[in-house]
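Asker: I'd like to go over a predicted model; first the sequence, then the structure.
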Amino acid sequence: MSENVSSNPLTNRIREALSLALQVPIEGISDDLAFGDLPQWDSMGHMEVMMRLEESFGIEINAETIAALTSVAAIRQYLESNHLAAPS
């Protein structure tokens, strides 16, 4: 069995957060998972995902951003761009 090719600490933390928020096994959270791919990731599930991300990463996500964070890839890109890069 092969490991997820793009596994890295950030992706793993995102997958853990989504797994908890959506109450699905972490194996069910793929790197290309997006809003609507799982029955649990509906509009209510999306709010759970956002709350779990805020809690897990110690961030605050505004309404405009909530609407854009509709996939694992978008969440990873947002976190890398806005919260993990230390300004010089």
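Answerer: Perfect, I can see it now.

Asker: rest of the way, CA atoms for contacts and neighbours
Answerer: OK.

Asker: Low-confidence ranges, the chain, go.
Answerer: Within the chain, the set of residues satisfying pLDDT under 70 comprises 1-7, 84-88.

Asker: Please repeat the previous calculation with a cut-off of 80.
Answerer: By pLDDT under 80, the low-scoring segments of the chain are 1-7, 83-88.

Asker: In it, mark out all the helices, start to finish.
Answerer: With DSSP state H as the criterion, the chain has helices at 9-22, 43-57, 63-68, 72-82.

Asker: what helices or strands is the second one leaning on?
Answerer: Judged by 3 or more C-alpha pairs under 8 Å, 6 or more residues apart in numbering; DSSP states H and E, helix 43-57 is in contact with helix 9-22.

Asker: Provide the angle between the direction of the helix it packs on and the direction of helix 43-57.
Answerer: Helix 9-22 runs at 140 degrees relative to helix 43-57, counting by axes from the mean of the first three to the mean of the last three C-alpha atoms, to 10 degrees.

Asker: buried set for helix 9-22?
Answerer: Applying a neighbour-count criterion of 16 or more other C-alpha atoms under 10 Å, the buried positions in helix 9-22 are 11, 13, 14, 15, 16, 17, 18, 19, 21, 22.
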